[in-house]
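Colleague: I'd like to go over a predicted model; first the sequence, then the structure.
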Amino acid sequence: MEQSKGRRVILFPMPFQGHINPMLELANVLHSKGFSIAIIYTNFNSLNPSTLNPNFTYHSIPVDLTENEASIKDPTRHLSILNAKCVEPFRECLSGLLSDDVNSEDPVACLISDPLFDFTRSVAESFKLPRIVLRTGGAASLAVLAAFPLLKEKGYIPITDSRLEELVTELSPIKVKDLAAAMPNSDPEDFYQLITNVLNETKASHGLIFNTFEDLEGQALATIRQEYYPNIPIFSLGPFHKCGPTTSSSSTSLLSPDQSCISWLNTQAQKSVAYVSFGSAAKIDHAQFLEIAWGLANSGQPFLWVVRPGLVQESDWHEALPNGFLEALYKRAHIVKWAPQKEVLAHPAVGAFWTHCGWNSTLESICEGVPMICTPCFGDQMLNARFVSDVWKVGLQLEHGIERGEVERTIRRLMVEKEGVEIKERALNLMEKANHCLKEGGSSYLSLDGLVKHILSL
Ligand code: UDP
């Protein structure tokens, strides 16, 4: 798209893996449409520009968290500290980029930021710079968050333990327990305030971008357009990682992916492997770790397991495994600290993904037609998991925690038994739809065209 040549977009990802990946994928997509790209990033969880797209410019801001601040378990508080520390360095960096802009050949068209960075609105406004927000989670989970005032009015919030198994009739199939776990370790009032901020910051933006597609979340997108954000344009152009050109040498991972898993997968039978990963932030305790290990071992299926340093509380890595556990499984198990996940999910040997249902993992699995086993841990993962198991029906949920017998049974139900056949068919069907929406004339293809025009009109 020639017109976009000579226009620059500044993107500012939140420094967490699940937020960095979609923001940088979106940058690739916009670059492929002719925009120049500038990325602002924090020293905290710093990007490594040498592993990223060499066509972009990268601008670090001196924001770091102390060890104490980084280890705060309350996500709401963690976020508010990060936001407070970012305001001034971000303002300075943006000011520098915009003053270079005066003589630049590619003037800045807009800022794209994460709605959780709630200060970006006032900073962008002070420079009269249009701001678009990227929601890195799904549309259905945002529709649930947007309904919080209604849920408060109807008495679901504050949550009472006796109602946990109840269906939220206004948001079926969401259950009260899904809402409860959406906000662990946070004061409910603080969390409610955070959600309100995010919703207001989004409302005041020049547009909202989703990494999703109409055939997957059309209903939620329609609700969001009609009920919550009738005054801003909404774009659903995902799955991003499938719509931009992939630069195979570029990696947005904060940890280095262990490629040994691909050579191990090459030795396994088609669709035989259970891939297990709980993303970049979830934590489990020792007891859960052992239940997972025994459940996987007893299932009889080969498995590739990402045990991220820090995944198991008070352990460095997988030293909590019983002596001889891996040796006894011989070549049936492979454990890594971090995997090239998209490559893994696209590998023909992978037959199921046991996931925490972070939005990126969910979407990446859908794109490869891999059925899921869901163990959501916190936040929107509970809502994503509910959609995977009860709406799209492309996975099974471990509803009663992690227990080795249930793990073994669920893996076999999905990978070996008849019940899994229909789930796999639905997963392949959804994958087809994901591919289709990106083709010329498809919903994401058209939405991307709309976004490019919108940015050029700002
Ligand atoms: N990921 C990866 N290797 C791993 C585990 C995860 O590359 O071993 C990537 C995964 O592909 C996804 C992101 O990390 O893009 C995790 O994002 P998600 O939203 O699924 O979960 P979060 O980490 O935010 O909880």
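Modeller: In hand now; what should we look at? Everything numeric here is computed off the predicted structure, so don't read it as measured data. Residues are numbered from 1 along each chain as shown.

Colleague: Quick one: end-to-end length of stretch 56-64, please.
Modeller: Criterion C-alpha to C-alpha, to the nearest Å; first-to-last residue distance in stretch 56-64 is 23 Å.

Colleague: Export stretch 354-362 to PDB, keeping only CA atoms.
Modeller: The C-alpha coordinates for stretch 354-362 follow below in PDB (Å, rounded to 0.1, in the frame of the first residue of the first chain):
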ATOM      1  CA  TRP A 354      -2.300 -28.900  27.500                       C
ATOM      2  CA  THR A 355      -2.400 -25.100  28.100                       C
ATOM      3  CA  HIS A 356      -3.200 -22.500  30.700                       C
ATOM      4  CA  CYS A 357      -5.300 -20.800  27.900                       C
ATOM      5  CA  GLY A 358      -3.400 -17.500  27.700                       C
ATOM      6  CA  TRP A 359      -5.000 -15.700  24.700                       C
ATOM      7  CA  ASN A 360      -1.900 -16.100  22.500                       C
ATOM      8  CA  SER A 361      -1.600 -19.800  23.200                       C
ATOM      9  CA  THR A 362      -5.300 -20.400  22.600                       C
END
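
Colleague: so how far is that stretch off the chain centroid?
Modeller: On the basis of C-alpha atoms, centre = their mean, to the nearest Å, stretch 354-362 sits 7 Å off its chain's mean C-alpha point.

Colleague: does that stretch come close to the ligand?
Modeller: Yes. Interface with the ligand: stretch 354-362 contributes 358-361 (C-beta under 6 Å from any ligand atom). To be clear about C-beta, it is placed using only N, CA and C from the backbone, and glycine gets the same treatment.

Colleague: what comes into contact with that stretch?
Modeller: 18, 21-22, 136-138, 141, 211, 274-282, 341, 353, 365, 372-377, 380-382, 384-385, 388, 411 (C-beta atoms under 8 Å, 6 or more residues apart in numbering).

Colleague: list the buried ones in it?
Modeller: Applying a neighbour-count criterion of 16 or more other C-beta atoms under 10 Å, one finds 354-362 buried in stretch 354-362.

Colleague: cool, stretch 389-404 as well?
Modeller: 389, 391-392, 394-398, 402-404.

Colleague: how about the nearest residue to the residue in the stretch 301-450 of the chain that the ligand sits nearest to, chain neighbours excluded?
Modeller: Taking C-beta to the nearest ligand atom, the ligand has its nearest neighbour within the stretch 301-450 of the chain at Gly358, 2.2 Å off. Computed as C-beta to C-beta, 6 or more residues apart in numbering, the closest residue to Gly358 that is not its neighbour in sequence is Gly279, at 4.3 Å.

Colleague: what's the helix or strand for that neighbour?
Modeller: Taking DSSP states H and E as the definition, Gly279 sits outside all helices and strands.

Colleague: Wait, it touches Gln17, no?
Modeller: Yes. Gly279 is in contact with Gln17 according to C-beta atoms under 8 Å; the separation is 7.3 Å.

Colleague: Please tell me how far the residue of the stretch 301-450 of the chain closest to the ligand sits from Leu311.
Modeller: 13 Å (C-beta to C-beta, to the nearest Å).

Colleague: repeat for Leu52
Modeller: Per C-beta to C-beta, Leu52 is found 25 Å from Leu311.

Colleague: Next: Leu428.
Modeller: Taking C-beta to C-beta as the measure, Leu428 falls 30 Å from Leu311.
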